[in-house]
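Colleague: Take this sequence and fold it.
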Amino acid sequence: MREIPLSDIQTLVGQEIGVSDWLEITQDRVNRFADATGDHQWIHVDVERATKELGAPIAHGYLVLSLIPFLAKNIVSYTGVSRGINYGSNKVRFTNMVPVGSRLRMRAKMLTCEPRGGGYQVVNEFTIEIEGQERPACVAEVVSLIFPG
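Modeller: Numbering: from 1, shown residues only. This is a model prediction of the structure:
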């Protein structure tokens with residue numbers, strides 16, 4: 001993981017910041033996400049049917065998206081920060097299915113970083129890759145506000 005002083009954050013614009021460790025997607029994680037969201041569609045939670053019809057149960061797209069903060073903390077830590085706030089997303093695309101048992105990792109690239117409200121508004125492109133697959137699971141432009149402290 002890279003540690004970067006917040007005062008240097010704007011030097012990262014246009015650069016790949018780094019790549020996270022791999023994370024295995026388990027059926028337990030998928031089931032817990034289904035319980036949390038109420039999305040119990042068979043492609044996610046019916047192991048027997050999903051295996052027969054799809055080869056394996058498939059992780060929810062929003063589960064994959066929700067892993068961004070977890071995977072990001074493996075990539076970079078900004079020092080001198082009091083708080084970071086999720087401001088939203090400009091664009092999210094789910095470009096490949098994630099079968100249970102797959103391993104994911106995330107690649108982060110900073111697209112923009114502008115001063116805003118005493119801090120910075122940062123747009124990162126996060127690409128969540130599936131081990132052994134050419135097409136990623138998800139590509140998302142995520143907007144964050146980061147404040148010194």
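Colleague: CA only for contacts and neighbour counts going forward, please
Modeller: OK.
Colleague: measure Trp42 to Thr51 for me?
Modeller: Look at Trp42 and Thr51: by C-alpha to C-alpha, to the nearest Å, they are 10 Å apart.
Colleague: nope, Tyr78 is what I was after
Modeller: Distance from Tyr78 to Thr51, by C-alpha to C-alpha: 42 Å.
Colleague: Of these two, which one has the most company?
Modeller: In this view Tyr78 and Thr51 are compared by other C-alpha atoms under 10 Å, and Tyr78 has more residues nearby, 18 against 15.
Colleague: what's the neighbour count on Gln121?
Modeller: Gln121 has 21 neighbouring residues, counting by other C-alpha under 10 Å.
Colleague: what's it in contact with, if anything?
Modeller: Residues counted as contacts of Gln121 (C-alpha atoms under 8 Å, 6 or more residues apart in numbering) are Thr112, Cys113, Glu114, Pro115, Val143, Ser144, Leu145, Ile146.
Colleague: Of those, which is the nearest to Gln10?
Modeller: Proximity of the contacts of Gln121 to Gln10 (C-alpha to C-alpha) peaks at Cys113, which lies at 5.7 Å.
Colleague: Please list all residues in contact with Phe77.
Modeller: Careful, residue 77 is Ser; it's not Phe. Counting by C-alpha under 8 Å, 6+ apart, Ser77 makes contact with Met1, Arg2, Glu3, Ile4.
Colleague: tell me which strands and helices the longest helix along the chain is in contact with?
Modeller: Counting by DSSP state H, the longest helix found in the chain is helix 27-37. Applying 3 or more C-alpha pairs under 8 Å, 6 or more residues apart in numbering; DSSP states H and E, one finds that helix 27-37 contacts helix 42-45.
Colleague: Put the alpha carbons of the helix it packs on into CSV.
Modeller: Taking Å, rounded to 0.1, in the frame of the first residue of the first chain, the C-alpha atoms of helix 42-45 are listed here in CSV:
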residue,chain,number,x,y,z
TRP,A,42,-31.7,-17.7,-7.8
ILE,A,43,-28.6,-16.8,-9.9
HIS,A,44,-27.0,-15.6,-6.6
VAL,A,45,-28.3,-17.9,-3.9
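Colleague: okay, the next helix or strand after it in PDB with CA atoms only?
Modeller: For helix 42-45, the following helix or strand on the C-terminal side (DSSP states H and E) is helix 47-54. The C-alpha atoms that make up helix 47-54 are tabulated as PDB, following Å, rounded to 0.1, in the frame of the first residue of the first chain:
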ATOM      1  CA  VAL A  47     -26.300 -23.000  -5.600                       C
ATOM      2  CA  GLU A  48     -27.700 -26.100  -7.200                       C
ATOM      3  CA  ARG A  49     -29.700 -24.400 -10.000                       C
ATOM      4  CA  ALA A  50     -27.100 -21.700 -10.700                       C
ATOM      5  CA  THR A  51     -24.400 -24.400 -11.000                       C
ATOM      6  CA  LYS A  52     -26.500 -26.400 -13.300                       C
ATOM      7  CA  GLU A  53     -27.600 -23.500 -15.500                       C
ATOM      8  CA  LEU A  54     -24.700 -21.100 -15.300                       C
END
